[in-house]
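J.: give me coordinates for this.
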Amino acid sequence: MDSVPPVQELEQAIPDIAREDRIEPRERTIDDLGIGGSVGHFKRYVVRQCIGEGGMGRVYQAFDPVLRRDVAVKVMRPDVPEPERRRFRREAIFGARFCHPSIVRIFDMGEHRSDDGRRVEWFSMEHLPGSDLERVLGRAMSHGRRLPLLSVVDIFRQVLSALQYCHECYVVHRDVKPANIFVTRDPNTRFLTTKLLDFGIALDLDGPAQHEVLCGNPFYMAPEQTRHGAQIDARADVYAAGLSFYEVLTGRHPLDDFRAAPLETVLSAQSKFAMKPPSALLPPSTSPRIAQAVDMIFERATAKDPDDRFQSARDMREAMLVFLSPV
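T.: So this is what the prediction gives:
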């Protein structure tokens, strides 16, 4: 007798509960919530301190007395323009939609009336003690140190896993950079872990067409992002991850010489400038095998033509794990 395929065997072992319920409806019980109605809940957070401030607003550490946990509450300034308000809401919606260990979780969203009557929008998310990768790198460089290769590989292993998840959800992040990669510790295991932040300019490939121009940081934009009307897909995030990998590993962005250049020059450099291989900036003690692998991964991730790049974040992640492993 032929063996049962694994998928069919699993389907036979796990009954379709929904189908069974339709065939044999259970005895009607009291409807506690009222089907078709709504459930209200007033969430209150105890604000403890301000832990960050930017152009759009502030981030506070707060405490949830019901679930007994610390949270971060991001508050948008009332006077920001509407495009920035949409970005703020988009960040909250995508964060609430995703469920991945390397993507920051969003818990709730709401409005608050300030003492002077202004309407303030906010959302709460998991509180992450730690620092973004840009600051981690800056502190290391200020002390004349580099981040260890294995730590960098582990960070990007998690980032690329998060990006692959986003892409499978038909979402392109469009703002991958060290400042949006957060290094923290798992509150239960205490292991170092990495979180991908800020989906404010993410592109929903399943949503309505967007006509925003020059979305993202010009120093991390893929060449196709610099051209109006060009098709953007997941490979733009692979390009940005490649630039970020170079910067975190070497301590220098491949386009650092263009920091004071006009925007048009930076955008042109993304399409035309031949970037120096990262191995040229690694310590002389770096093994030839590692130097060659680093160059290969960077070159493949940041190819000017998307068809010449790693075709997915998963491909880049697997290449890093294979060619940059300790053995």
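
J.: what are the structural domain limits within the chain?
T.: Following automatic domain parsing, the chain resolves into domains at 46-126, 130-323.

J.: end to end, how far does the longest one reach?
T.: Domain 130-323 stretches 29 Å from its first residue to its last (C-alpha to C-alpha, to the nearest Å).

J.: repeat for the first one
T.: Distance between the boundary residues of domain 46-126 (C-alpha to C-alpha) amounts to 15 Å.

J.: what sits against the residue lying closest to residue 62 once chain neighbours are set aside?
T.: Distance criterion C-beta to C-beta, 6 or more residues apart in numbering; nearest residue to residue 62, sequence neighbours excluded, is residue 45 at 3.9 Å. Quick note: C-beta positions are derived from backbone N, CA and C, even for glycine. Residues counted as contacts of residue 45 (C-beta atoms under 8 Å, 6 or more residues apart in numbering) are 62, 63, 64, 71, 73, 124.

J.: check residue 312 too.
T.: Contact analysis of residue 312 by C-beta under 8 Å, 6+ apart lists 164, 167, 234, 235, 238.

J.: swap in residue 221?
T.: Each residue near residue 221 by C-beta under 8 Å, 6+ apart is listed here: 214, 236, 239, 240, 267, 270.

J.: one more pass at 10 Å, please.
T.: The contact partners of residue 221, by C-beta atoms under 10 Å, 6 or more residues apart in numbering, come to 174-175, 214-215, 227, 236, 239-240, 243, 266-267, 270-271.

J.: same check on residue 252?
T.: Taking C-beta under 10 Å, 6+ apart, we find residue 252 in contact with 141, 246, 276, 278, 281.

J.: pull the longest helix from this structure.
T.: helix 149-168 (DSSP state H).

J.: buried residues in it?
T.: For helix 149-168, the neighbour count (16 or more other C-beta atoms under 10 Å) marks 152-167 as buried.

J.: how far away is residue 81 from residue 74?
T.: Distance, residue 81 to residue 74, using C-beta to C-beta, to the nearest Å: 17 Å.

J.: out of these two, which sits in the more crowded spot?
T.: Taking other C-beta atoms under 10 Å, residue 81 and residue 74 do not tie; residue 74 has more neighbours (22 against 9).

J.: quickly list what that one is bridged to.
T.: Judged by DSSP bridges, the bridge partners of residue 74 are residue 59, residue 123.

J.: which residues does it contact?
T.: For residue 74, the contact set (C-beta under 10 Å, 6+ apart) comprises 52, 54, 56-60, 88, 91-92, 95, 106, 109, 121-125.

J.: give me the buried subset of those residues.
T.: 56-57, 59-60, 88, 91-92, 95, 106, 109, 121-125.

J.: which of the residues you listed sits closest to residue 132?
T.: Nearest to residue 132 among the buried ones among the contacts of residue 74, counting by C-beta to C-beta, is residue 59 at 12.0 Å.

J.: report the contact partners of that closest one.
T.: For residue 59, the contacting residues are 50, 51, 52, 53, 72, 73, 74, 75, 122, 125, 127, by C-beta under 10 Å, 6+ apart.

J.: go on, residue 130?
T.: By C-beta under 10 Å, 6+ apart, the contact list for residue 130 reads 136, 182, 183, 184, 185, 192, 193, 194, 195.

J.: let me have these in a markdown table, adding pLDDT as columns.
T.: Output for these, formatted as a markdown table (pLDDT from 0 to 100):
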| residue | pLDDT |
| --- | --- |
| 136 | 92 |
| 182 | 93 |
| 183 | 93 |
| 184 | 90 |
| 185 | 82 |
| 192 | 81 |
| 193 | 89 |
| 194 | 94 |
| 195 | 93 |
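
J.: drop anything exposed from these.
T.: 136, 182, 183, 184, 193, 194, 195.

J.: wait, which of these is closest to residue 302?
T.: Nearest to residue 302 out of the buried ones among the contacts of residue 130 is residue 194 (C-beta to C-beta; 20.7 Å).

J.: and which of the contacts of residue 130 is nearest to residue 306?
T.: Closest approach to residue 306 among those (C-beta to C-beta): residue 194, at 25.2 Å.

J.: which residue packs closest to that closest one, ignoring adjacent ones?
T.: Spatial nearest neighbour of residue 194, chain neighbours left out: residue 158 (4.1 Å); criterion: C-beta to C-beta, 6+ apart.

J.: I'd like to know how far the one you found sits from residue 68.
T.: According to C-beta to C-beta, residue 158 and residue 68 sit 27 Å apart.

J.: pLDDT weak spots in this protein?
T.: 1-33, 39-41, 187-189, 208-214, 327 (pLDDT under 70).

J.: run the last query once more with 50
T.: Applying pLDDT under 50 to the chain flags residues 1, 17-18, 20-21.

J.: who's in contact with the closest residue to residue 219 other than its chain neighbours?
T.: Distances taken as C-beta to C-beta, 6+ apart place residue 255 nearest to residue 219, at 5.7 Å, with adjacent residues excluded. Counting by C-beta under 10 Å, 6+ apart, residue 255 touches 218-220, 243, 246-247, 261, 265-266, 269-270, 273, 275.
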